[in-house]
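Novice: task: produce atomic coordinates for the following.
(chains A and B)
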Amino acid sequence: MVGIVSYGAYVPLRRLGKGTQGWRSPNEKAVAYYDEDSMTMAVAAAIDCLGDMDRETVDGLYFASTTGPYKEKLSATTAACAVDLRRDILTADCVDSLRAGTGALRMAADTVKAGSAKKLMVTASDCRLAAPGSNLDQIFGDGAAALLIGDSDVIASLEASYSVSNELFDFWRVDTGKFVRTWEDRWVQEEGYLKVIPQVVGEFYKKYNLSPKDITKVALYGNNQRRHGQTVKKLGLEPEQVQEPFFTTMGNTGTAYALMQLVAALEDAKPGDKILCVGYGDGADVLLFQVTDAITNYTPRRGMKTHLAAKTIFPSYQQYFGFHHEGRDPDAGGGPSASALAREVPDIYPLRGTKCRKCGTVQYPPQRVCTNCHTKDEMDSFRLSDKRAKIFTRVLDYAAPVPGYEMPAVDLLIDWECGGRANFSLTDKKPNLEDIPMGMEVEMTFRKLLAGGGIHHYWWKAMPIRESWQEKEDN
Amino acid sequence: MAVGTIKDQTAVVGMGCVKFGENWEQSASDMMIDAAYEAYEDAGIEPKDIEAVWFGSTQIALGEPLAYNLKLDYKPVTRIENLCATATDAFRNACFAVAAGMYDVVMALGCEKLKDTGHGGLGGGGGGAPGTMLMVPSGGPFTAFSRMANRYMEHYGWTYEEFKPILAKIAVKNHYNGSLNPKAHFQMAITEEQAINAPMMAWPLGLYDCCGVSDGSAAAIITRADMAKSFRDDYTLVKGVGLAVGSRQGWLQQSYDMVHMEETIRAAQQAYEQAGIKDPYKEIDLAEVHDCFSITELVIMEDLGFAPRGGAPEYVKEGRFQLDGDLAVNPDGGLKSFGHPIGASGLRMLYEIYKQMQGKAGPRQRKNPTLGLTHNFGLNPGSGVGSVTIIGQRD
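Specialist: So this is what the prediction gives:
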């Protein structure tokens, strides 16, 4: 039986909403911070999805996005490396289409069905930009989903899938462009989304001899709240059959959108539920899942619920726009050495230190001669990205190379609970020194450092435990 | 294992030191030449009398430019780098060569031209991309030393309101001493209020808790002790040299408390043992220590045994380290007043001790000093290079 073994999601902490100066929409939207992008969100969602599962058992990773970090360079390898998967795995990017998320999901299921992999990770993430202040800008949000597809122990089996290809310029971005473009709205909606979805879903029902009554819940991509609602009506669905689409709390997260709704639907699912996932963009994908008994023993992830609840309102729209326009010379710090990166990446991206076989001392960065007992070359590689730590000392740094809205930066020495001490920046920090006491618990998060030399610098930072933001008031 | 002693084997018979500062009109070559020729003149020697040179610099990665600038035809020149202890280590190796009997007259010279680099601070940190050796995520030296300040406050239970004035007193003391020194970069006194209210750099360290960046050069002529009298009567004797290099234990191991600098303690142990010093607070008259940041000087007081553990703030409050205190610390104004041209600082410190021993320190002169100390600490709390040198009056 092929289906979903595990799910995960990531919604950035920061939201534009009431309290954001210059934000005109009544809705909230989730926005990737200056050190986040589609790569870092994909990694966060994949790690959420994996929980404490054995990462050695994953046979591949598909990375879906319209906003990957490179035009030429595989993103799936970077993500697989950060997630700390094996080397002998299948990696591919599904890019340049809103439908890449559901497309990657179907391809992953087919890959597993074909016997090419037993477990395959699908990540979908996007942070699409529209012209500042435009209607699309108010609709778009940032986020990521991850689904582990496998051939056993599935919490939801893939029962049927159906796809239609439809060449259409309704939403697109030219290869040199920063902003998503669109055509006249009535034509875009009525000849595109509102027409295609009912057609394709109808054809799907017909093919598999199903009707709307057979479906427990639909995770339906929507261009915006109004068009999503109109389509629901056209599909003949009752309100309880529709997954809440998070238009008012997160925004349309592009490639990740349908999959994030699927994750949310799974969070509330019971054995026997039938969940329809509908992706849109240059046509449509329809995937029907049936929830199995295994879901009753499944440990819920942070997923959509925790990530949506853990939030903080960003104070300024103008500063948000600055996330994507660094207020410094991007090459000021120079770039990393490609050859040094190649050498160090196996330790840096998965955040691996070493643990001495003789005395057990954990150390980061990786050492050959033990700092404690001085034994040489008796080290085991040791993953630290999934270990929690406590703050040993912290510094409010008023002259760090970070954007002005991040000032003062926070520099940390952390002591991991498993042993080992290291120096990291604190991101997603709370504003006051009192909120960052000595001994505070932190977790690791994969983030983008300021770029230089045309290479995105990814490394790890520490952040407050995400759940600690849940009780916080909006302001 | 034989660790010997350098005590009373070598003497300093001449020194030179340029005015430190933003020496826009002087190249590194100019400063080297000025420092060397002041030292030659002070020792009463000709350039041809120099038999070998140890040249300290972090930015000038070659020894050859020194030979070229000073036209030391075919003499051995060795360039030394050892972080903030660079100049002191050049001096240390020069002393060893003389003590070994290899040479009679040698020179140690430190020079740094930082102001041509385009950096306003000491640099370091700044991005820390993967693919770099250190992977330091943010900030520069003030960030690293602020870590120690935060730890010190936590460890001993100091609030900011109580602790900041202690740090300010250190800055005020060193700036006052610098105001009396025509060779200092900043020759101005400051008030405690100024220090407390200055812009924050890395909490709790503000602008006046941090040393400046400047250009400078200093040089020492070293001879065999038994020959020193033939150069001058008021020579000084080297009593001990200590150097300790950390292996980043404090960055890797959770046991490090970050309220001391082990490298300073170890270097001091070596130097005190050679010099036969039992009670440094009582025996040492004046000390030039590495006040790159006010917190560093505070912790150094404890690491050198000038104050009990956790007791330095009280000693600072009581003014024990002022020019007229029990033990004058940084009588020339320290890094606070001179800035920190890394490869020159150690010999600039020695210059003050040497002049004080000779009674030539002008308005800063202490009464009959007999034993002085210089100290450097390079890199960051948790791991670095510590050096301690003990200098005494001639017997």
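
Novice: can we go C-alpha only for contacts and neighbour counts from here?
Specialist: Fine.

Novice: roughly how far is the one helix or strand in chain A whose mean pLDDT sits lowest from the heart of the chain?
Specialist: Ranking every helix and strand in chain A by mean pLDDT, DSSP states H and E puts helix A:338-348 at the bottom, with a mean of 80. Here helix A:338-348 is found 24 Å from its chain centre; the criterion is C-alpha atoms, centre = their mean, to the nearest Å.

Novice: for that helix, buried residues please.
Specialist: By 16 or more other C-alpha atoms under 10 Å in any protein chain shown, the buried positions in helix A:338-348 come out as A:341, A:344-345, A:347-348.

Novice: and of those, the nearest to chain B?
Specialist: A:Leu341 (4.4 Å; C-alpha to the nearest C-alpha).

Novice: where do the helices sit along chain A?
Specialist: Ranges of helices in chain A, per DSSP state H, are A:38-50, A:75-83, A:100-113, A:135-139, A:185-188, A:194-208, A:225-234, A:257-267, A:303-309, A:317-322, A:338-348.

Novice: and the longest strand anywhere in chain A, what's its mean pLDDT?
Specialist: Of all segments of type strand in chain A, defined using DSSP state E, the longest is strand A:441-452. Mean pLDDT, strand A:441-452: 88.

Novice: kindly report the same for stretch A:42-51.
Specialist: 98.

Novice: tell me what angle the least confident helix or strand of chain A forms with helix A:75-83.
Specialist: For helix A:338-348 and helix A:75-83, the angle between their directions (axes from the mean of the first three to the mean of the last three C-alpha atoms, to 10 degrees) works out to 50 degrees.

Novice: and helix A:338-348, is it in reach of chain B?
Specialist: Yes: judged by C-alpha under 8 Å from any C-alpha of the partner chain, helix A:338-348 comes into contact with chain B at A:338-345, A:348.

Novice: and which of those residues is nearest to A:Pro239?
Specialist: Among these, A:Ile348 lies closest to A:Pro239 (C-alpha to C-alpha), at 47.0 Å.

Novice: hmm, A:Trp459 and that closest one touching each other?
Specialist: Yes: the pair formed by A:Ile348 and A:Trp459 meets the contact definition of C-alpha atoms under 8 Å, at 6.7 Å.

Novice: sorry, back to before: got JSON lines for the helices of chain A, with distance to A:Asp126 too?
Specialist: Formatted as JSON lines, those follow (distance: least, C-alpha to C-alpha, whole Å):
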{"stretch": "helix A:38-50", "distance to A:Asp126": "5"}
{"stretch": "helix A:75-83", "distance to A:Asp126": "13"}
{"stretch": "helix A:100-113", "distance to A:Asp126": "10"}
{"stretch": "helix A:135-139", "distance to A:Asp126": "13"}
{"stretch": "helix A:185-188", "distance to A:Asp126": "21"}
{"stretch": "helix A:194-208", "distance to A:Asp126": "22"}
{"stretch": "helix A:225-234", "distance to A:Asp126": "19"}
{"stretch": "helix A:257-267", "distance to A:Asp126": "9"}
{"stretch": "helix A:303-309", "distance to A:Asp126": "15"}
{"stretch": "helix A:317-322", "distance to A:Asp126": "16"}
{"stretch": "helix A:338-348", "distance to A:Asp126": "24"}
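
Novice: so which of these gets nearest A:Leu13?
Specialist: Between A:Leu13 and the helices of chain A, the tightest spacing by C-alpha to C-alpha is seen for helix A:303-309, at 7.4 Å.

Novice: okay, the residue lying closest to A:Gln261 once chain neighbours are set aside: pLDDT?
Specialist: Nearest non-adjacent residue to A:Gln261, counting by C-alpha to C-alpha, 6 or more residues apart in numbering or on different chains: A:Ala219, 5.2 Å away. Per-residue pLDDT puts A:Ala219 at 98.

Novice: can you count the residues close to A:Ala219?
Specialist: For A:Ala219, the neighbour count with other C-alpha atoms under 10 Å in any protein chain shown is 27.

Novice: how near is it to chain B?
Specialist: With distances taken as C-alpha to the nearest C-alpha, to the nearest Å, A:Ala219 is found 39 Å from chain B.

Novice: I figured that residue hits A:Phe246, correct?
Specialist: No: with contacts counted by C-alpha under 8 Å, A:Ala219 stays clear of A:Phe246, the gap being 11.1 Å.

Novice: residue ranges with poor pLDDT in the stretch 51-200 of chain B?
Specialist: In the predicted model of the stretch 51-200 of chain B, residues B:118-139 satisfy pLDDT under 70.

Novice: now with 50, please.
Specialist: Applying pLDDT under 50 to the stretch 51-200 of chain B flags the ranges B:123-135.

Novice: need the three-state assignment for B:Asp226.
Specialist: When classified by DSSP: H, G, I helix; E, B strand; the rest coil, B:Asp226 comes out as helix.

Novice: what pLDDT does it get?
Specialist: 97.

Novice: and it, how many neighbours?
Specialist: Per other C-alpha under 10 Å, the neighbour tally for B:Asp226 reads 12.

Novice: report the contact partners of it.
Specialist: The contact partners of B:Asp226, taken as C-alpha atoms under 8 Å, 6 or more residues apart in numbering or on different chains, are B:Gln9.

Novice: in space, what's closest to the residue of the stretch 151-300 of chain B found nearest chain A - neighbours in sequence excluded?
Specialist: Closest to chain A within the stretch 151-300 of chain B is B:Ala202: 4.2 Å, counting by C-alpha to the nearest C-alpha. For B:Ala202, ignoring the flanking residues on the chain, the nearest one in space by C-alpha to C-alpha, 6+ apart is A:Asp397 at 4.2 Å.

Novice: ok, A:Thr231 next?
Specialist: Nearest non-adjacent residue to A:Thr231 (C-alpha to C-alpha, 6+ apart): A:Leu194, at 6.0 Å.

Novice: check B:Val299 too.
Specialist: Once flanking residues are discounted, B:Val299 sits nearest to B:His260: 6.1 Å by C-alpha to C-alpha, 6+ apart.
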